[in-house]
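S.K.: model this:
(one chain, ligands or ions: 1)
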Amino acid sequence: MAIQSRLGRRRLLQIGIGAAIAGCSSIRQRSRQGFGSHSLSPSALATAGFNSLAQVASRKGFFYGAASDYAMLSSDAQFAARYVENCRILVPENGLKWRALRPSPTEFDFTKTDWLFDFAVKYSLQMRGHTLVWHLSLPRWFSETVNSRNAERHLVHHIESVAGRYAGKVHSWDVVNEAIEVPDGRPDGLRKSPWLEFLGEEYIDLSFRVAAQADPEALRVYNDYGLQYDTSSHAAKRHAALRLLERLQAKGTPIQAFGIQSHLRASETRFNAEKLRQFLRDIASMGLKILITELDVSDQGLPADIEQRDRLVADAYREYLDVVLDEPAVIAVLTWGLSDRYTWLSEFKPREDGLPVRPLPLDENLERKPAWWAIAQAFDNAPLR
Ligand code: G3I
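M.R.: Sure, this is the predicted structure:
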């Protein structure tokens, strides 16, 4: 008890996180030796001591990481240790959104994101920024304050302040997120967001230009979802996305990459590998890099049996990654969370039977699931970048 009182819970957490991670870092060091460029079988992966998805990914030239945030990494020592063991790039799930950073029209609160950037430096993680411009997660004052007269000033000030603060420390920014919504009535497929309403389509070009000025080093990404399946809505969205990219490039917008969020459903059978390959080729043909930015697999609609569910989720990861990792323009894969202990799907896409969802590589006890092995195997089978 004396130790607890003297050091306080926070200090113990820091020690706990440091000690837990130190153990994992040594595992990372051990497996850094690598094993040549030949593909390893699952059992070879296991016996080779590969405990890290980032390690398996980096052997083929990919970044692997996951969304997480201050709340989890600062308070859950065991999770933080597994995070550092498995990930090489960190994207704050919510920490860099307007609602988290902007308590008022004139204030910024970088306390938690500064902690995350320090955490990334301490554990040799790259940082991804998500997201500078979005129609959701806007602060409550936004709708009462921002209008067509001042929207450009607010947009520019936000991007300059946030991207400028972390300039040189960010691998890539989701500069604009989810600007397309089909069907939503507009022929060009653009989402009727406040930004479009106040500034027209030019808000997208403006956002990328300001981001390029604020942080020239970060890769500038357009990020969106609903693009991967052989359905009419996903096909329409792929078409609208390609046309948007063409319009942006025609006007010289400094966009460098496309982020495909990749929120998958294990129960979805409408998947056409060749159509997805063609979409990736079309993006790459524009000279853009591709990031898989928010990969997870919902187990809604799957049987309750955990062994069966985990296998179907793993199959969905494998089927998807076997296609996307074949595209040379793909440089990074991030899952939207690392462990079932922390997933947005629990709240946003719960199972009808009320059972805890199981979408991610680690289970709620931070143990590797079939999904972990499927992702590792996909990286190991992928062509070298
Ligand atoms: O932090 C507050 C907490 O103080 C409060 O008590 C609680 C009350 O509900 O809300 C908490 O904020 C929630 C936040 O997540 C942090 O947990 C927000 O209500 C909730 O809306 C927010 O949801 C996030 C959602 O984006 C909206 O921003 C999800 O965690 C996050 O996973 C999800 O991520 C998005 C990507 O940014 C874009 N692509 C789709 C993806 C999934 O929707």
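S.K.: tally up the residues packed near Q78, please.
M.R.: Here the count is done by other CB atoms under 10 Å, and Q78 has 14 residues near it. Every residue, glycine included, has its C-beta placed from N, CA and C.
S.K.: who's in contact with the residue of the stretch 51-200 of the chain found nearest the ligand?
M.R.: In the stretch 51-200 of the chain, the residue that lies nearest the ligand is S137 (3.8 Å; CB to the nearest ligand atom). Taking CB atoms under 8 Å, 6 or more residues apart in numbering, we find S137 in contact with N94, K97, W98, R99, A100.
S.K.: can you do 7 Å?
M.R.: N94, K97, W98, R99 (CB atoms under 7 Å, 6 or more residues apart in numbering).
S.K.: what's the most distant pair in the residues you listed?
M.R.: N94 and W98 (10.3 Å; CB to CB).
S.K.: so what's the closest residue in space to P216 that isn't next to it in sequence up against?
M.R.: If the residues on either side of it in the chain are set aside, P216 comes closest to A167, at 7.7 Å by CB to CB, 6 or more residues apart in numbering. By CB under 7 Å, 6+ apart, the contact set of A167 is A214, D215, E217.
S.K.: could you check the pLDDT of S148?
M.R.: With respect to pLDDT, S148 scores 98.
S.K.: in three-state terms, label it for me.
M.R.: coil (DSSP: H, G, I helix; E, B strand; the rest coil).
S.K.: could you dump the contacts of S137 to JSON lines with pLDDT and secondary structure?
M.R.: Converted to JSON lines, the contacts of S137 look like this (pLDDT from 0 to 100; DSSP: H, G, I helix; E, B strand; the rest coil):
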{"residue": "N94", "pLDDT": "98", "secondary structure": "coil"}
{"residue": "K97", "pLDDT": "99", "secondary structure": "coil"}
{"residue": "W98", "pLDDT": "98", "secondary structure": "helix"}
{"residue": "R99", "pLDDT": "98", "secondary structure": "helix"}
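S.K.: please pick the buried ones from these.
M.R.: Buried members of these, scored by 16 or more other CB atoms under 10 Å, are N94, K97, W98.
S.K.: between the residues you listed, which sits nearest A266?
M.R.: When the buried ones among the contacts of S137 are compared against A266 (criterion: CB to CB), the nearest one is N94, at 25.0 Å.
S.K.: quick one: contacts for I204?
M.R.: V176, A179, L248.
S.K.: let me fix that: P328
M.R.: R385.
S.K.: please tell me how far it sits from D230.
M.R.: Going from P328 to D230 by CB to CB, to the nearest Å gives 23 Å.
S.K.: and V121, by the same measure?
M.R.: 43 Å.
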